[in-house]
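Chemist: quick one: sequence plus predicted model below, questions after.
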Amino acid sequence: MIRIMLVESDKLLCKEYALEIAQDEEFALVAVTGRQSDAINILTEQEVDAVIVNLEVKETSGNYRNNKLWLGAFSA
(Lines give C-alpha, C1' and ligand atoms only; values in the text may rest on other atoms or scores of the structure.)
Protein backbone atom coordinates (compact mmCIF):
# COMPACT_ATOMS: atom_id res chain seq x y z
CA MET A 1 0.00 0.00 0.00
CA ILE A 2 1.24 3.49 -0.85
CA ARG A 3 0.74 5.94 2.03
CA ILE A 4 0.00 9.47 0.84
CA MET A 5 0.10 12.81 2.63
CA LEU A 6 -1.74 15.75 1.08
CA VAL A 7 -0.57 19.32 1.73
CA GLU A 8 -3.39 21.51 0.42
CA SER A 9 -5.17 24.48 1.97
CA ASP A 10 -8.30 24.30 -0.23
CA LYS A 11 -10.79 22.08 1.63
CA LEU A 12 -12.78 21.30 -1.52
CA LEU A 13 -9.66 20.06 -3.31
CA CYS A 14 -8.80 17.97 -0.25
CA LYS A 15 -12.18 16.26 -0.49
CA GLU A 16 -11.71 15.64 -4.21
CA TYR A 17 -8.26 14.13 -3.67
CA ALA A 18 -9.56 12.00 -0.81
CA LEU A 19 -12.39 10.62 -2.95
CA GLU A 20 -10.01 9.78 -5.80
CA ILE A 21 -7.47 8.13 -3.53
CA ALA A 22 -10.17 6.11 -1.76
CA GLN A 23 -11.21 4.52 -5.06
CA ASP A 24 -7.97 2.54 -5.28
CA GLU A 25 -7.13 0.06 -2.52
CA GLU A 26 -3.42 0.38 -3.42
CA PHE A 27 -3.42 3.90 -1.92
CA ALA A 28 -4.14 5.24 1.56
CA LEU A 29 -4.47 8.89 2.46
CA VAL A 30 -2.72 8.90 5.83
CA ALA A 31 -2.44 12.64 6.48
CA VAL A 32 -3.96 15.90 5.27
CA THR A 33 -2.81 19.37 6.24
CA GLY A 34 -2.95 22.87 4.84
CA ARG A 35 0.27 23.98 6.54
CA GLN A 36 3.79 23.10 5.52
CA SER A 37 5.06 23.26 9.11
CA ASP A 38 2.48 20.61 10.04
CA ALA A 39 3.54 18.53 7.05
CA ILE A 40 7.15 18.50 8.21
CA ASN A 41 6.04 17.44 11.70
CA ILE A 42 3.88 14.68 10.26
CA LEU A 43 6.82 13.37 8.26
CA THR A 44 8.84 12.97 11.44
CA GLU A 45 6.04 11.06 13.20
CA GLN A 46 4.44 8.94 10.48
CA GLU A 47 5.58 6.82 7.56
CA VAL A 48 4.63 8.41 4.25
CA ASP A 49 5.51 7.10 0.79
CA ALA A 50 4.28 10.02 -1.32
CA VAL A 51 3.41 13.68 -0.78
CA ILE A 52 1.01 15.72 -2.89
CA VAL A 53 1.93 19.38 -2.37
CA ASN A 54 0.19 22.58 -3.38
CA LEU A 55 2.98 25.02 -4.17
CA GLU A 56 0.65 27.90 -3.31
CA VAL A 57 0.26 27.00 0.37
CA LYS A 58 0.35 30.40 2.06
CA GLU A 59 2.81 30.06 4.89
CA THR A 60 6.16 31.19 3.52
CA SER A 61 7.24 34.67 2.53
CA GLY A 62 5.84 33.96 -0.94
CA ASN A 63 9.37 33.60 -2.21
CA TYR A 64 9.67 30.77 -4.75
CA ARG A 65 13.11 29.93 -3.45
CA ASN A 66 11.70 29.25 0.03
CA ASN A 67 9.08 26.92 -1.43
CA LYS A 68 11.71 25.13 -3.50
CA LEU A 69 13.85 24.55 -0.42
CA TRP A 70 10.82 23.31 1.48
CA LEU A 71 10.04 20.79 -1.27
CA GLY A 72 13.61 19.56 -1.06
CA ALA A 73 12.88 18.32 2.43
CA PHE A 74 10.44 15.77 0.95
CA SER A 75 12.76 14.43 -1.73
CA ALA A 76 15.25 12.83 0.67
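Modeler: Ah, there it is.
Chemist: please name the nearest non-neighbouring residue to residue 11.
Modeler: residue 34 (8.0 Å; C-beta to C-beta, 6 or more residues apart in numbering). All C-beta spots, glycine's among them, are computed from the backbone N, C-alpha and C.
Chemist: how many neighbouring residues does the one you found have?
Modeler: 17 (other C-beta atoms under 10 Å).
Chemist: correct me, but it touches residue 6?
Modeler: No. If you go by C-beta atoms under 8 Å, residue 34 and residue 6 don't touch, sitting 9.2 Å apart.
Chemist: now for these two: what residues contact both?
Modeler: residue 14 (C-beta atoms under 8 Å, 6 or more residues apart in numbering).
Chemist: buried set for whichever strand or helix holds residue 37?
Modeler: Applying DSSP states H and E as the criterion places residue 37 in helix 36-45. Residues 36, 39, 42, 43 are the ones in helix 36-45 that count as buried (16 or more other C-beta atoms under 10 Å).
Chemist: packing partners of the helix or strand just after it?
Modeler: Once the chain leaves helix 36-45, the next helix or strand it forms, by DSSP H and E, is strand 50-53. Secondary-structure packing of strand 50-53 (3 or more C-beta pairs under 8 Å, 6 or more residues apart in numbering; DSSP states H and E): strand 2-7, helix 36-45.
Chemist: give the buried residues for the shortest one.
Modeler: This points to strand 2-7. 4, 5, 6, 7.
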